[in-house]
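Asks: Prediction below, plus the sequence it came from.
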There are 2 protein chains.
Amino acid sequence: MEAYQDRSLRGRVFQRLREDILSGVYHEHEELREITIGEELGVSRTPVREALRQLELEGLVTIIPNKGAYVTGITPKDVYDIYKIRSMLEGMCARWATEHITERQIEELEEVLLLSEFHLQKKGGEQAEQVTELDGKFHKVLYEASNSRILEHVLSDFHKYVQMARAISVGEKNRAVRSIQEHREILEAIKDRDGELAEELANRHILNVMENLHLSEQVVRRENREEQEEV
Amino acid sequence: MEAYQDRSLRGRVFQRLREDILSGVYHEHEELREITIGEELGVSRTPVREALRQLELEGLVTIIPNKGAYVTGITPKDVYDIYKIRSMLEGMCARWATEHITERQIEELEEVLLLSEFHLQKKGGEQAEQVTELDGKFHKVLYEASNSRILEHVLSDFHKYVQMARAISVGEKNRAVRSIQEHREILEAIKDRDGELAEELANRHILNVMENLHLSEQVVRRENREEQEEV
DNA sequence: ACGTGTATAATTGTATACAATTATACACGT
DNA sequence: ACGTGTATAATTGTATACAATTATACACGT
């Protein structure tokens, strides 16, 4: 969908800035100057400008005309909200996928699960990394199977947003095992053409991931308050 | 949120192009050349480029590197999907609003409803226009009241997308009357702090709007097939 | 007539110049 | 010491030049 992003300078600046904002390299309200960033990345202002304009649309940057671009970032409350919204939409997605999934896509999902289980019992450094990647792949195929480019688009966006947080979650081995079991159950429901069950399972799956991130309502409320005091 | 869009050249080009794409001035797969559009609007390539890059992120334009920008537009199926998704999220929004709405926002909503009812019994050319604007305002305040910038962002985006279709729907007087009644019921549920009822009502409200657009599943399936044959 | 190769044109990608706007420093009066 | 006005610097907004890439036209051989 956006593989080209790697080839153009703008694409690289865009991805780099998004990553840096989400991982906290720049902190909230920090000004992003076109020249400064251009010098840091060895490009001119043009690609930087274009990247900043795109980031604004993603909500990660706020641009004040003739003044500057400022980091907006995402708060713990944002992550909490995204998971709540995703939970509903992933449910919807699983239900729609039940009606539209192709044989090819079912095979892809089976393969992802097989590989996930394999990597999980393996020891080694990049094991967690690969499980995370496969987790992403599973959801991606499911989005495609929904046969709705709109739903796919929204869910992909959210998925990118919480990528960082997710890496931590799946990293915990116990959670990873449960997560893959849940994936398997969702796939089985889809194969049985039980849309209602698939929706329910996908819905729960996301809420479980959220719980594992310790993003309970209380925690979010507390962190949110701290943030407000800071300002 | 994006009032500045009116002041900069890029902003104006962006809005103009979006409007023209959604209203069918450009047809699917049409190439949008930077120079041509710049000449038409009397600006240089730079603002046009930036606008095209933003439209790509909105999914209305597909950009192939070193080649060109092509209109993507939205299909009847897209509109159908958006309404289905919106229905869930507007429900969620109403529920969250029940917990976070301020006195000020309740007053705003009351005012919008009062004005809506007033304009509705008035005769005149721009009556429909104003009712549509007030309908937009009602939802906007509700989005803000959800106290979730994420949910607000997603719903606003979808709202813009189906703006055109909505103008037609509310234009029918009978539907407009029912629509405002439904708004009133939602507000009452929120004031009674009945989150579950508010969610249910907002959910139904969007589905009703959709039905009125004759976007039933059968219609979408048929139109979608026609479109595929075209390509 | 058809396909292939090559020169030319058209278009996008990036850098940069200049204009417009905003931020900053500092003199000056009180 | 403090606020105000003004000159200067810094930054963004837009246009344009040049490079890189892709599209087009057309000659040539078969």
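Replies: Yep, it's here. Numbering: from 1, shown residues only, chains lettered A, B, ... in the order given.
Asks: distance of the residue located most distally from the centre of chain A from B:Gly38?
Replies: Note on chain A: the largest C-alpha distance from the chain mean falls to A:Asn66, namely 32.1 Å (C-alpha atoms, centre = their mean). Distance, A:Asn66 to B:Gly38, by C-beta to C-beta, to the nearest Å: 21 Å. All C-beta spots, glycine's among them, are computed from the backbone N, C-alpha and C.
Asks: Show me which residues of chain A sit near DNA strand D.
Replies: Applying C-beta under 7 Å from any atom of the strand, we find that chain A lies next to DNA strand D at A:31-35, A:45-46, A:49, A:63, A:65-69.
Asks: which among the residues you listed end up buried?
Replies: A:Leu32, A:Glu34, A:Thr46, A:Arg49, A:Ile63, A:Ala69 (16 or more other C-beta atoms under 10 Å in any protein chain shown).
Asks: nearest to B:His100, of those?
Replies: Distances from B:His100 to these, taken as C-beta to C-beta, are shortest for A:Ile63 (27.3 Å).
Asks: Could you verify that the closest one is part of a helix?
Replies: No: A:Ile63 is assigned strand when assessed by DSSP: H, G, I helix; E, B strand; the rest coil, not a helix.
Asks: That one contacts A:Leu52, correct?
Replies: Yes: using C-beta atoms under 8 Å, A:Ile63 makes contact with A:Leu52 at a distance of 6.7 Å.
Asks: Now do the shared contacts for those two.
Replies: A:Ala69 (C-beta atoms under 8 Å, 6 or more residues apart in numbering or on different chains).
Asks: For the residue lying closest to A:Ser8 once chain neighbours are set aside, give me the pLDDT.
Replies: Leaving out its chain neighbours, the residue that sits closest to A:Ser8 by C-beta to C-beta, 6 or more residues apart in numbering or on different chains is B:Pro65, at 5.7 Å. Here, the pLDDT recorded for B:Pro65 equals 90.
Asks: how about the helices of chain A, start to end?
Replies: Assigned by DSSP state H, chain A shows helices spanning A:9-22, A:34-41, A:45-58, A:76-100, A:103-121, A:127-145, A:149-161, A:163-171, A:173-191, A:195-212, A:217-230.
Asks: Can you tell me how far A:Gly73 is from DNA strand C?
Replies: 21 Å (C-beta to the nearest atom of the strand, to the nearest Å).
Asks: count of residues packed around that residue?
Replies: 17 (other C-beta atoms under 10 Å in any protein chain shown).
Asks: residues contacting it?
Replies: A:Ile21, A:Leu22, A:Gly24, A:Tyr26, A:His27, A:Glu28, A:Leu60.
Asks: Over to A:Ala97?
Replies: The neighbours of A:Ala97, taking C-beta under 8 Å, 6+ apart as the test, are A:Leu142, A:Ala145, A:Ser146, A:Asn147, A:Ile190, A:Ala198.
Asks: picking up where we left off before, possible to save the helices of chain A as a markdown table with mean pLDDT?
Replies: Below are the helices of chain A laid out as a markdown table (pLDDT from 0 to 100):
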| stretch | mean pLDDT |
| --- | --- |
| helix A:9-22 | 91 |
| helix A:34-41 | 94 |
| helix A:45-58 | 91 |
| helix A:76-100 | 96 |
| helix A:103-121 | 95 |
| helix A:127-145 | 91 |
| helix A:149-161 | 92 |
| helix A:163-171 | 60 |
| helix A:173-191 | 93 |
| helix A:195-212 | 95 |
| helix A:217-230 | 58 |
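Asks: ok, A:Glu19 to chain B distance?
Replies: Between A:Glu19 and chain B the computed distance is 17 Å (C-beta to the nearest C-beta, to the nearest Å).
Asks: Kindly report the same for A:Tyr26.
Replies: 19 Å.
Asks: Give me the neighbour count for the closest residue to A:Ile186 other than its chain neighbours.
Replies: Spatial nearest neighbour of A:Ile186, excluding adjacent residues (C-beta to C-beta, 6+ apart): A:Leu201 at 4.8 Å. Number of residues near A:Leu201 (other C-beta under 10 Å) recorded here: 22.
Asks: residues in contact with A:Leu201?
Replies: A:Ala94, A:Glu182, A:Glu185, A:Ile186, A:Ala189.
Asks: Of the contacts of A:Gly73, which belong to strands?
Replies: Among the contacts of A:Gly73, no member falls in strands (criterion: DSSP state E).
Asks: need these in a markdown table with distance to B:Gly136, can you?
Replies: A markdown table is the format used below for the contacts of A:Gly73 (distance: C-beta to C-beta, whole Å):
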| residue | distance to B:Gly136 |
| --- | --- |
| A:Ile21 | 31 |
| A:Leu22 | 32 |
| A:Gly24 | 36 |
| A:Tyr26 | 34 |
| A:His27 | 35 |
| A:Glu28 | 30 |
| A:Leu60 | 26 |
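Asks: among those residues, who's most crowded?
Replies: Top of the contacts of A:Gly73 by neighbour count (other C-beta under 10 Å): A:Ile21, with 22 neighbours.
Asks: which residues sit in contact with that residue?
Replies: A:Leu55, A:Leu60, A:Val61, A:Val71, A:Thr72, A:Gly73.
Asks: which residue is nearest the centroid of chain A?
Replies: A:His159 (2.1 Å).
Asks: Relative to A:Asn203, how far out is that residue?
Replies: 16 Å.
Asks: hmm, back to that, columns neighbour count and distance to chain B on top of the contacts of A:Ala97, output as CSV?
Replies: Below are the contacts of A:Ala97 laid out as CSV (neighbours: other C-beta atoms under 10 Å in any protein chain shown; distance: C-beta to the nearest C-beta, whole Å):
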residue, neighbour count, distance to chain B
A:Leu142, 27, 16
A:Ala145, 24, 14
A:Ser146, 24, 9
A:Asn147, 17, 9
A:Ile190, 25, 19
A:Ala198, 27, 16
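Asks: A:Gln15: which of those residues is nearest?
Replies: Closest to A:Gln15, out of all of the contacts of A:Ala97 and judged by C-beta to C-beta, is A:Leu142, at 23.7 Å.
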